[in-house]
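K.L.:
sequence and predicted structure, then a few things I'm wondering about:
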Amino acid sequence: MDTYCAVNESETVIAFVSSILGMWSTLSAKMTRQENRSTVLEKDVENLKEFKESANHRLDSHDEQNKAILVLAEQVKKCVKRWNRKDLDGKR
């Protein structure tokens, strides 16, 4: 009977250790997948920050261009007014 108990106990220990190793392996794989997802998300955030900076730079550039266009438009208006006044005065 002692031999049976010893064999039964060793089978129990082996089963327990196998269960622990299986759980560890599963949790380790899940943790690795989670780390990979975190890395991908961090890269996505970095790419979005770079895109935001680029978009802000382009918008700033467009603002400067729009200001220059408004100045040019105002200058054209003044030239047209002067031209029309000269035309009315017959100085052309």
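P.N.:
Perfect, I can see it now. Numbers count the residues shown, from 1 in each chain.
K.L.:
quickly find the element holding Glu50.
P.N.:
If you go by DSSP states H and E, Glu50 is part of helix 2-89.
K.L.:
what's the neighbour count on Val40?
P.N.:
10 (other CB atoms under 10 Å). All C-beta spots, glycine's among them, are computed from the backbone N, C-alpha and C.
K.L.:
low-confidence stretches in the protein?
P.N.:
Low-confidence segments of the chain, defined by pLDDT under 70: 1-7, 87-92.
K.L.:
spatially central residue in it, please.
P.N.:
For the chain, the residue sitting closest to the mean C-alpha position, by CA atoms, centre = their mean, is Leu48 at 2.7 Å.
K.L.:
who's in contact with that one?
P.N.:
Contacts for Leu48 (CB atoms under 8 Å, 6 or more residues apart in numbering) come out as none.
K.L.:
ok, now how distant is it from Leu21?
P.N.:
From Leu48 across to Leu21, the span is 41 Å (CB to CB, to the nearest Å).
K.L.:
how far out from the middle of the chain is stretch 43-52?
P.N.:
Distance of stretch 43-52 from its chain centroid, counting by CA atoms, centre = their mean, to the nearest Å, is 3 Å.
K.L.:
can I get that stretch in CSV? Just the C-alpha atoms.
P.N.:
Taking Å, rounded to 0.1, in the frame of the first residue of the first chain, the C-alpha atoms of stretch 43-52 are listed here in CSV:
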residue,chain,number,x,y,z
LYS,A,43,4.4,53.5,-32.3
ASP,A,44,1.0,54.6,-33.4
VAL,A,45,1.0,57.4,-30.9
GLU,A,46,4.4,58.5,-32.0
ASN,A,47,3.3,58.5,-35.6
LEU,A,48,0.2,60.6,-34.8
LYS,A,49,2.3,63.1,-32.9
GLU,A,50,4.6,63.4,-35.9
PHE,A,51,1.6,63.8,-38.2
LYS,A,52,0.1,66.5,-35.9
